[in-house]
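K.L.:
give me the fold of what follows.
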Amino acid sequence: MKTDPLNEKPGACPSLESVPAYLLGELSPPERASLDEHIAGCPVCAESVESLRLVVQRMKQIPPDTCHRDLTEGILARVSGDLGAPKQRRIVNIGRRSSLLRIAALFVALAGVCALMFVTAHLGQRLATVAVKPQPGATVALSPIVAVENARRWLQAAQTPDGGWTAGDSAGGTDHQIGVSSLALLALIDASPDAFRGPYAATVRRGIDHLVANQDERGLIGPAISTAPYNHGLATLAILNACSTESNAVWQAAGERALKFICGTQLSTGGWGYLDSSAEPANTSASIWPLQALIRADGLGYSALRPNIERGLAWLQGAVSQDGFMGYTGATDLRYGPDTMTAAGIVCLLGDNKGLQNPAVRVLLPALRRVADKPEAKMDYYRLFFVARAIGMARDEQAPRALATIAGRLASLQNASGTAAGSWDANDAWGGVGGRVYSTAMAALALKCN
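P.N.:
Numbering: from 1, shown residues only. Modelled structure (predicted):
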């Protein structure tokens with residue numbers, strides 16, 4: 001009997017042949033449920049699914065009439081002739097022919113990607129290691145894709161019955177439950193084109209419904225506390241990301257109310273401060289998430305937000321020092337250190353449509369390189385996320401090395417066994433407030449930047 005040589009290669013899995021049909025939505029509900037269960041315990045298949053999602057998404061976006069009529073007929077006629085098929089079988093609707101060709105091209109592309117993955121694994125030339133079942137007490141180096149998938153499984157299991165996630169247990173931890181829940185949702189949705197079709201779909205829907213249920217009549221999501229801009233900005237981002245891939249009128253309305261609240265709490269200077277503290281000046285830390293939400297909404301086509309965005313970006317640029325670092329309330333205010341704020345400022349500036357042409361970015365980028373190269377004695381998931389995101393968005397020639405360093409550190413610290421498997425310990429300055437959900441979501445989002 002002839003065997004499939006791919007399945008004889010080390011690290012291969014017989015279930016890999018079902019991955020294309022899984023991603024195309026062609027499996028029956030029982031088959032999909034069975035493969036979901038298998039993927040949850042098979043890092044090889046989990047990595048294959050994540051690697052091929054984007055391929056499937058892009059192939060599905062090919063216009064239906066890509067091929068010229070004459071070219072399409074010629075190809076099908078040649079194929080029919082080679083197979084000895086009767087000529088009358090060539091009478092096929094042109095739209096159907098295009099669909100057949102696109103499906104064939106999709107499977108050729110998927111087969112090529114799978115073959116490349118297996119060949120490189122067999123020759124030992126892969127840039128990242130594949131997760132294996134760890135022995136007790138062993139430390140296993142994971143590829144970013146596998147580490148993120150493990151994190152997403154842990155986050156799914158950590159969701160509470162009301163659809164949210166639990167924050168840290170220190171003073172004020174419960175006040176940030178909405179922000180922590182939003183981070184978990186961003187980690188589950190981020191860069192996943194089928195967030196509402198894959199194994200996390202129900203988890204994400206419950207999570208977004210939870211955010212909407214915690215919105216008040218003013219549009220504020222979460223409690224009306226001084227640090228509400230963090231909770232609200234993150235929640236708005238999560239809802240916007242959800243609305244970008246799934247149509248839901250309730251979510252859409254909640255997102256619009258949330259954006260209106262952000263615009264209404266913007267200070268006259270252009271930045272944001274702590275809620276109901278108009279006597280205090282705007283600060284970069286409180287401004288980052290609301291500004292990111294406005295920029296995201298603008299990119300999705302929400303109207304009338306440009307004036308608020310321009311004012312926010314202008315204020316942000318005014319907080320850049322001569323050395324290229326971003327301050328807290330201004331260019332000379334570096335009371336909390338410049339690292340995180342510099343990276344976060346770049347994320348906002350590059351997220352806008354001006355991109356690398358923004359003069360402030362050209363000043364900030366050299367400072368970002370110094371930040372990225374700085375040895376970090378203590379863990380800071382918040383800093384690592386913004387540094388990784390800024391480096392990835394800047395497309396700097398040093399980005400691959402810097403991102404690999406961050407990914408390697410994070411992957412080596414991910415828990416590999418027990419109930420905490422797939423998560424990161426909440427051992428940084430914000431761990432007491434955010435808890436394990438915060439540290440795991442931030443680490444997963446940082447790894448997604450690779």
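K.L.:
the nearest residue to Pro223 once chain neighbours are set aside and Gln414, how far apart?
P.N.:
Of all residues not flanking Pro223 in the chain, Asp175 sits nearest, at 5.8 Å (CB to CB, 6 or more residues apart in numbering). Using the backbone N, CA and C atoms, a C-beta is placed for each residue, glycine as well. For Asp175, the distance to Gln414 under the criterion CB to CB, to the nearest Å works out to 28 Å.
K.L.:
the more surrounded of those two?
P.N.:
Counted by other CB atoms under 10 Å, Asp175 and Gln414 do not tie: Gln414 has more neighbours, with 27 against 18.
K.L.:
could you pull up phi and psi at Gln215?
P.N.:
When read as degrees, to the nearest 10, the backbone of Gln215 gives phi -100, psi 130.
K.L.:
my guess is it meets Ala224, correct?
P.N.:
No: between Gln215 and Ala224 there is no contact under CB atoms under 8 Å: 11.7 Å.
K.L.:
who has more neighbours, these two?
P.N.:
Gln215 (22 against 12).
K.L.:
identify the bridge partners of that one.
P.N.:
Beta-bridge pairing of Gln215 under DSSP bridges involves Ile221.
K.L.:
and it, how far from Trp251?
P.N.:
Here the criterion is CB to CB. By it, Gln215 lies 11 Å from Trp251.
K.L.:
residues in contact with Asn241?
P.N.:
Listed by CB atoms under 8 Å, 6 or more residues apart in numbering, the contact set of Asn241 reads 185-186, 189-190, 296.
K.L.:
that one belongs to a helix?
P.N.:
Yes: the assignment for Asn241 by DSSP: H, G, I helix; E, B strand; the rest coil puts it in a helix.
K.L.:
would you mark the buried spots in stretch 276-288?
P.N.:
Within stretch 276-288, the residues scored as buried using 16 or more other CB atoms under 10 Å are 282-288.
K.L.:
so Tyr274 belongs to a strand, correct?
P.N.:
No: if the criterion is three-state DSSP, then Tyr274 is coil and not within a strand.
K.L.:
excluding chain neighbours, what is closest to it?
P.N.:
Of all residues not flanking Tyr274 in the chain, Ser226 sits nearest, at 4.1 Å (CB to CB, 6+ apart).
K.L.:
the one you found touches Asn283, doesn't it?
P.N.:
No: with contact taken as CB under 8 Å, Ser226 and Asn283 are classed as non-touching, separated by 11.6 Å.
K.L.:
tell me the secondary structure at the residue nearest to Leu186 when sequence neighbours are not counted.
P.N.:
Closest residue in space to Leu186, ignoring its immediate chain neighbours: Ala238 at 5.5 Å, by CB to CB, 6+ apart. In terms of secondary structure, Ala238 is helix; the call rests on three-state DSSP.
K.L.:
just checking, Ala238 touches Ile178?
P.N.:
No: Ala238 is not in contact with Ile178 according to CB under 8 Å; the separation is 9.7 Å.
K.L.:
those two: which is more packed in?
P.N.:
Neighbours were counted for Ala238 and for Ile178 using other CB under 10 Å; Ala238 has more, 31 against 26.
K.L.:
could you measure from Ser18 over to Ala372?
P.N.:
Counting by CB to CB, the separation of Ser18 from Ala372 is 41 Å.
K.L.:
actually, Leu27.
P.N.:
Relative to Ala372, Leu27 is positioned 43 Å away (criterion: CB to CB).
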